[in-house]
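Undergrad: Give the three-dimensional model of this entry:
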Amino acid sequence: MELNEVLQARRSVRKFTEEAVSREDIDALMHAAMSGPSACNLCPWRFYVVTNKEKIAELRGASRFTKIKAPLAIVVCGDTKRTLPFGLGDFWVQDCSAATENILLRAVDLGLGAVWCGIHPQKGAVENVRNTLGLPEKHIPLNIIWLGHPAETPEPRDQYDEKNVFFAE
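TA: Residues are numbered from 1 along each chain as shown. Prediction:
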């Protein structure tokens, strides 16, 4: 698929078949994630790949926005031990968001469906995910990406709106 096709086809998919995502596809998703940019190349991301059905069921209850039934969850976390000093530590959010978008785009390219469900900064959801996966205190879950073979295929669309573009010439 050409990049522009992938960009247009990337839509939130919330219904999946029960077919497992292959280890090769998971590896491709992780390669894409870690190809993203990060502030000072600190790479503060940590990825928890969850295929265990009991853990997935627990993650569905992490927040009111995470009740997705999918065969795979990738929890994207920021490692606060790998952040910028001098009060600039929150750049991990941008770094992990770039990694997340790369996962979403690569999923489309692989014929998979995905949806990004935010966790941070919801304190209760952060604690729920942390407890479910036994995360170290330094790993802050930014989101859960639910992935699988799509049971629905939303139409590609271009959401460009020129009213949101401003030029400083």
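Undergrad: okay, CA-based contacts and neighbour counts for the rest of this
TA: OK.
Undergrad: elements contacting the lowest-mean-pLDDT helix or strand in the chain?
TA: In the chain, the helix or strand scored least confidently by mean pLDDT, DSSP states H and E is helix 3-9, which has a mean of 93. When contacts are defined as 3 or more C-alpha pairs under 8 Å, 6 or more residues apart in numbering; DSSP states H and E, helix 3-9 sits against helix 91-109.
Undergrad: What residues of the helix or strand following the least confident helix or strand of the chain count as buried?
TA: Once the chain leaves helix 3-9, the next helix or strand it forms, by DSSP states H and E, is helix 23-33. By neighbour count with 16 or more other C-alpha atoms under 10 Å, helix 23-33 contains the buried residues 26, 29-30, 32-33.
Undergrad: Then stretch 136-145?
TA: Buried residues in stretch 136-145 (16+ other C-alpha under 10 Å): 139-145.
Undergrad: Can I get the buried residues of helix 23-33 in TSV including pLDDT and distance to residue 165?
TA: Converted to TSV, those look like this (pLDDT from 0 to 100; distance: C-alpha to C-alpha, whole Å):
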residue	pLDDT	distance to residue 165
26	98	36
29	98	31
30	98	33
32	98	29
33	98	28
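Undergrad: I'd like those as JSON lines, with distance to residue 94 appended.
TA: Converted to JSON lines, these look like this (distance: C-alpha to C-alpha, whole Å):
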{"residue": "26", "distance to residue 94": "22"}
{"residue": "29", "distance to residue 94": "18"}
{"residue": "30", "distance to residue 94": "17"}
{"residue": "32", "distance to residue 94": "16"}
{"residue": "33", "distance to residue 94": "13"}
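Undergrad: Hmm, residue 10 and residue 155 touching each other?
TA: No. Residue 155 lies out of contact with residue 10 (C-alpha atoms under 8 Å); the separation is 9.3 Å.
Undergrad: Comparing these two, which residue is more hemmed in?
TA: Remark: of residue 155 and residue 10, residue 10 carries more neighbours, 24 against 9, as counted by other C-alpha atoms under 10 Å.
Undergrad: low pLDDT regions in the protein?
TA: The chain contains no residues with pLDDT under 70.
Undergrad: Show me what the longest strand seen in the chain is packed up against.
TA: Using DSSP state E to define each element, the chain has its longest strand at strand 139-148. Here strand 139-148 touches strand 72-79, helix 91-109, strand 113-118, helix 123-133, going by 3+ C-alpha pairs under 8 Å, 6+ apart.
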